[in-house]
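S.K.: Need a 3D model of the sequence below.
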Amino acid sequence: MHGTIESAAKLDALRERANSLPLEQYDPGDPELFRTDTFWPYFDRLRREDPVHYCKDSMFGPYWSVTRYNDIMEIETNHAVFSSASSLGGITIRDIDPDLRRESFISMDPPRHAAQRKTVAPMFTPTHLDNLALNIRKRSAECLDNLPRGEVFDWVDRVSIELTTQMLAVLFDFPWEDRRKLTRWSDIATTIPGPDGLVATEDERQAELTECAGYFARLWKERIAQPPKSDLLSMMAHGAATRDMDAKNFLGNLVLLIVGGNDTTRNTMSGSLHALSQHPEQYRKLRENPALLDSFVPEVIRWQTPLAHMRRTALADFEFRGKEIKKGDKVVMWYVSGNRDEEAIEKPYDFIIDRARPRTHLSFGFGIHRCVGLRLAELQLKIIWEEILKRFDHIDVVGEPKRVYSSFVKGLEELPVKIAA
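M.R.: Below is the predicted model:
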């Protein structure tokens with residue numbers, strides 16, 4: 001949004017609106033603010049004036065917003081007071097009907113959390129990642145070599161979705177010809193039902209998630225009957241902490257791994273190209289020195305912040321920064337705001353691919369719930385850009401991106417691009 005006179009004028013108008021609205025009327029979790037990319041000035045003001053903010057009324061009910069980097073770290077690591085448990089509402093601002101809540105290791109508290117997480121952790125060891133890297137490079141090369149030249153196409157669909165979905169299929173050893181089902185289930189898992197949405201009603205959403213559970217249950221039966229292999233499903237089928245999961249926990253962990261492996265990487269792949277198109281001097285710097293990919297990758301992940309927030313529920317009354325958080329209150333940690341906190345990150349609104357400390361960001365979370373697949377996400381992003389830089393002098397973004405209607409998944413639905421013939 002920074003750069004042109006037009007966008008500067010738009011930004012000023014947004015700031016004016018955000019600054020003139022009384023703070024008690026703030027609802028920073030409104031998905032429309034994210035769809036229109038107009039939430040930034042709201043968080044800027046909250047960090048300045050009301051870093052622990054209470055919203056009394058929203059489409060998600062009342063909630064607290066924690067907006068500063070260091071405050072988020074504090075909430076994130078205080079498991080005695082702030083719970084991730086799915087039985088209390090889990091990790092998103094949106095509450096799920098209690099009958100439909102499904103446990104996963106990200107929506108569990110210690111000590112149960114560690115045992116289930118440990119089951120899938122071997123997928124992300126350095127040795128395993130080295131093996132995956134060969135596969136990622138081969139598929140990235142094929143995908144890029146098949147892109148059209150001299151015509152407009154959607155980068156999100158042709159590159160970001162295709163490559164992340166292929167990767168997921170590999171991680172689960174999922175039937176290749178059905179791999180786009182994984183994309184669909186990931187989108188369904190996080191979508192807000194509505195007339196213009198992917199599904200119109202919550203019942204439709206649940207029906208598709210039930211289909212996902214049924215499909216994976218068949219694969220699970222196959223894996224249990226086979227000797228242990230190195231895919232995620234086999235690891236869980238044979239893991240002591242996961243082999244006896246109930247149906248809800250099973251689907252909960254599947255959805256977590258699908259969304260974790262899909263949405264975040266997909267949105268940073270799209271966001272990386274969009275960011276470079278807005279910052280041509282950084283694009284030039286990267287082309288001249290591809291070694292900068294090591295700092296470019298974490299900077300993109302900070303810049304995009306593919307998941308805008310995580311939520312906790314207070315287990316007890318707790319005073320935090322002078323505010324009285326009550327037992328049962330919903331507390332939303334806005335990663336997207338922490339990643340623009342001037343007190344923690346120098347020039348946070350500048351996209352700087354050779355930043356001195358690019359890993360200072362909250363996009364992967366912090367503490368015990370830090371993203372288990374973060375190294376794989378970074379690896380995928382690094383390899384795709386190594387392959388892009390070998391092939392194309394420049395990829396032009398030729399229109400505005402279409403953004404996801406969500407204050408949880410912060411992503412691009414479409415990004416029109418063109419590669420010179």
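S.K.: What about residue 368, how many residues nearby?
M.R.: As a burial measure, residue 368 scores 17 neighbours (other CB atoms under 10 Å). Any C-beta I mention is one placed from the backbone N, CA and C, and that applies to glycine too.
S.K.: Look up how far residue 118 lies from it.
M.R.: Counting by CB to CB, to the nearest Å, the separation of residue 368 from residue 118 is 11 Å.
S.K.: try residue 402
M.R.: As judged by CB to CB, residue 402 and residue 118 stand 39 Å apart.
S.K.: ditto for residue 220
M.R.: Per CB to CB, residue 220 is found 19 Å from residue 118.
S.K.: Compare the two (neighbour count), which wins?
M.R.: residue 220 (19 against 15).
S.K.: Tell me, how many residues neighbour the residue lying closest to that one once chain neighbours are set aside?
M.R.: With sequence-adjacent residues excluded and distances taken as CB to CB, 6 or more residues apart in numbering, residue 220 is closest to residue 237, at 5.6 Å. Residue 237 is flanked by 23 other residues according to other CB under 10 Å.
S.K.: can you check residue 411 too?
M.R.: 26.
S.K.: Does it touch residue 259 like I think?
M.R.: No: using CB atoms under 8 Å, residue 411 is not in contact with residue 259; the gap is 11.1 Å.
S.K.: tell me what the helix or strand harbouring residue 16 is packed against?
M.R.: Assigning secondary structure by DSSP states H and E places residue 16 in helix 5-20. Contacts defined by 3 or more CB pairs under 8 Å, 6 or more residues apart in numbering; DSSP states H and E place helix 5-20 against helix 40-49.
S.K.: Taking their axis directions, the helix it packs on and helix 5-20 sit at what angle?
M.R.: Angular relation of helix 40-49 and helix 5-20 on a 0 to 180 degree scale: 40 degrees, by axes from the mean of the first three to the mean of the last three CA atoms, to 10 degrees.
S.K.: Strand partners (parallel or antiparallel) of whichever helix or strand comes after helix 40-49?
M.R.: The first helix or strand that comes after helix 40-49 along the chain, using DSSP H and E, is strand 52-55. Each strand paired with strand 52-55, and its direction, by DSSP bridges: strand 63-66 (antiparallel).
S.K.: Identify the residues contacting the partner strand?
M.R.: 26, 28-29, 46, 51-55, 72, 75, 93, 311, 320, 323, 325, 329-334, 337 (CB atoms under 8 Å, 6 or more residues apart in numbering).
S.K.: Could you pull out the buried residues of stretch 274-287?
M.R.: By neighbour count on 16 or more other CB atoms under 10 Å, the buried set for stretch 274-287 is 274-279, 282-283, 285-286.
S.K.: Quick one: distance of that stretch to the chain centre.
M.R.: 22 Å (CA atoms, centre = their mean, to the nearest Å).
S.K.: pLDDT on it, on average?
M.R.: Averaging pLDDT along stretch 274-287 gives 97.
S.K.: now swap in stretch 93-108 and tell me
M.R.: The pLDDT scores in stretch 93-108 average 65.
S.K.: Sketch out the strands for the stretch 201-350 of the chain, chain order is fine.
M.R.: Under the criterion DSSP state E, counting those that start in this stretch, strands of the stretch 201-350 of the chain are mapped to 309-314, 318-320, 323-325, 330-334.
S.K.: hey, which of these is tucked in deepest?
M.R.: Neighbour counts (mean count of other CB atoms under 10 Å) averaged over each of the strands of the stretch 201-350 of the chain peak at strand 330-334, with a mean of 26.
S.K.: tilt between it and helix 40-49?
M.R.: 110 degrees.
S.K.: Tell me the buried residues in stretch 197-215?
M.R.: So, applying 16+ other CB under 10 Å, buried residues of stretch 197-215: 197-199, 205-206, 208-209, 212-213, 215.
S.K.: Same question for stretch 288-295.
M.R.: Buried, per 16+ other CB under 10 Å, within stretch 288-295: 292-293, 295.
S.K.: Residue 141 contacts residue 388, correct?
M.R.: No: with contacts counted by CB under 8 Å, residue 141 stays clear of residue 388, the gap being 10.3 Å.
S.K.: more neighbours, these two?
M.R.: Neighbour totals were compared for residue 141 and residue 388, and residue 388 leads with 22 against 16 (other CB under 10 Å).
S.K.: Report whether the expected contact of that one with residue 381 is present.
M.R.: No: taking contacts as CB under 8 Å, residue 388 lies outside contact range of residue 381: 10.6 Å.
S.K.: show me where the stretch 251-400 of the chain has helices.
M.R.: 280-288, 293-304, 335-338, 374-391 (DSSP state H, counting those that start in this stretch).
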